[in-house]
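K.L.:
build me a structure from this.
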Amino acid sequence: MINILCIDNSVTMRQVIKDCVLDLNYGFFETNDGNTGIEIANTIPNLGMIIVDWNMPRLSGRETLKILKEQYKNILFLVLIRIENKEDVIEAISIGADNYILKPFSVNKLQEKIEEMIKNAG
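P.N.:
From the prediction side, this is the model:
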């Protein structure tokens, strides 16, 4: 089973993403900050995707993505970006994000994006 790690400081957002991921029959792991995400990523078996919120306190999504992308070149990265910060999309892709989704998003849109990314990677 493919496992997905979600790094987002919002409890509500993590719950929405968790419901989406579990509904797709993938494993789900979560944390509320980039530092912890970096620490636990290597403990997750069959880690196939990391979902990172771009706007987080302490260690930003930008910094989290940079660090994790260096360590995990074969893992998919999906970045969550607020719709008013569309210019961040270009930066996220240039750093190594495989895809992005603008917030707010629908559950169906997130599920489609996850499935599309995993299907295209395999």
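
K.L.:
what residues are up against the residue lying closest to G48 once chain neighbours are set aside?
P.N.:
Once flanking residues are discounted, G48 sits nearest to I2: 3.8 Å by C-beta to C-beta, 6 or more residues apart in numbering. Every C-beta, even on glycine, is put in place using the N, C-alpha and C of the backbone. For I2, the contacting residues are 26-27, 46, 48-49, 118, by C-beta atoms under 8 Å, 6 or more residues apart in numbering.

K.L.:
helix or strand: which one has C20?
P.N.:
helix 11-23 (DSSP states H and E).

K.L.:
hmm, who's touching that helix?
P.N.:
For helix 11-23, the surrounding residues in contact (C-beta under 8 Å, 6+ apart) are 4, 6, 8, 27-28, 30, 32, 51, 53, 80, 103, 107, 110-111, 114.

K.L.:
quick one: buried residues of it?
P.N.:
Buried residues in helix 11-23, counted by 16 or more other C-beta atoms under 10 Å: 13-14, 16-17, 20-21.

K.L.:
circling back: from the contacts of helix 11-23, which two are the most distant?
P.N.:
Largest separation among the contacts of helix 11-23 by C-beta to C-beta: G27 and K103, giving 23.3 Å.

K.L.:
longest helix in this structure, please.
P.N.:
helix 107-121 (DSSP state H).

K.L.:
shouldn't T64 be within a helix?
P.N.:
Yes: under DSSP: H, G, I helix; E, B strand; the rest coil, T64 sits within a helix.

K.L.:
what residues are up against it?
P.N.:
With C-beta under 8 Å, 6+ apart, T64 has these contacts: 7, 34, 37-38, 52, 56.

K.L.:
would you reformat the residues you listed as CSV and include neighbour count, distance to K86 and secondary structure?
P.N.:
Below are the contacts of T64 laid out as CSV (neighbours: other C-beta atoms under 10 Å; distance: C-beta to C-beta, whole Å; DSSP: H, G, I helix; E, B strand; the rest coil):
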residue, neighbour count, distance to K86, secondary structure
I7, 28, 21, strand
G34, 26, 22, helix
G37, 25, 24, helix
I38, 17, 26, helix
V52, 26, 17, strand
M56, 22, 18, coil
